[in-house]
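J.: Okay, sequence plus prediction incoming.
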Amino acid sequence: MAVSQADIQSVGSASNPKLRAVPDVKIDKNGKFKYILIKVHDPEKEREFKHIVRGTNKSFHADILDDVTPDIESSGLDCECVGGGRISHEPNKKKIEIFGYSQGFGRANHYITARILGKKYSEYDVSFTNEGY
């Protein structure tokens, strides 16, 4: 399923300066790898949050969360993994596919992930499916 430009344009950044300082996306430059979708929020302002995407060629989705959590918490924010999956990133084709799930965290909402990646990689064809592992 492809994400439209209208969907991508509707992705906004949080108004909280601490949340804005957290990069929306950090993924490997190419290849097929695991990713997690993380909800980051300010414990002083629970209603203010944003989702971020982190993906790398780690053995487990939990390893990605373990790498991300200290940086987020050191800035006074809290985070929780809301699911995971896999990403196929082909920069030579300007293509990103999102699919699968995490055995430990469950399936991320790939639509949200696609919107976030589509904003960062606006020149790419970003798509997702709930099929596969």
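T.: All right, it came through fine. Every value quoted in this text rests on a predicted model; they were computed, and no experiment measured them. Numbering: from 1, shown residues only.

J.: Tell me where the model's unsure across the chain.
T.: Regions of the chain meeting the criterion pLDDT under 70 cover residues 1-14, 133.

J.: Pull the number of nearby residues for the closest residue to residue 36 other than its chain neighbours.
T.: Of all residues not flanking residue 36 in the chain, residue 84 sits nearest, at 4.3 Å (C-beta to C-beta, 6 or more residues apart in numbering). Where you see a C-beta, it was placed from the backbone N, CA and C, and this is true even at glycine. Neighbour count for residue 84, taken as other C-beta atoms under 10 Å: 27.

J.: can you check residue 35 too?
T.: Neighbour count of residue 35, defined by other C-beta under 10 Å: 29.

J.: tell me which element it falls in.
T.: Using DSSP states H and E, the element containing residue 35 is strand 31-42.

J.: Please apply the same query to residue 70.
T.: Going by DSSP H and E, residue 70 is in helix 61-74.

J.: got it, and residue 54?
T.: strand 45-56.

J.: what's that strand packed up against?
T.: For strand 45-56, the elements it packs on are helix 17-20, strand 25-27, strand 31-42, helix 61-74, helix 110-120, judged by 3 or more C-beta pairs under 8 Å, 6 or more residues apart in numbering; DSSP states H and E.

J.: Can you add distance to residue 95 and give those back as a markdown table?
T.: Output for the helices and strands packed on strand 45-56, formatted as a markdown table (distance: least, C-beta to C-beta, whole Å):
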| stretch | distance to residue 95 |
| --- | --- |
| helix 17-20 | 28 |
| strand 25-27 | 13 |
| strand 31-42 | 12 |
| helix 61-74 | 22 |
| helix 110-120 | 11 |
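
J.: got the buried residues for the strand holding residue 54?
T.: 49, 50, 51, 52, 53, 54, 55, 56 (16 or more other C-beta atoms under 10 Å).

J.: still on that earlier bit, relative to strand 45-56, how tilted is the helix holding residue 70?
T.: Counting by axes from the mean of the first three to the mean of the last three C-alpha atoms, to 10 degrees, helix 61-74 points 140 degrees away from the direction of strand 45-56.
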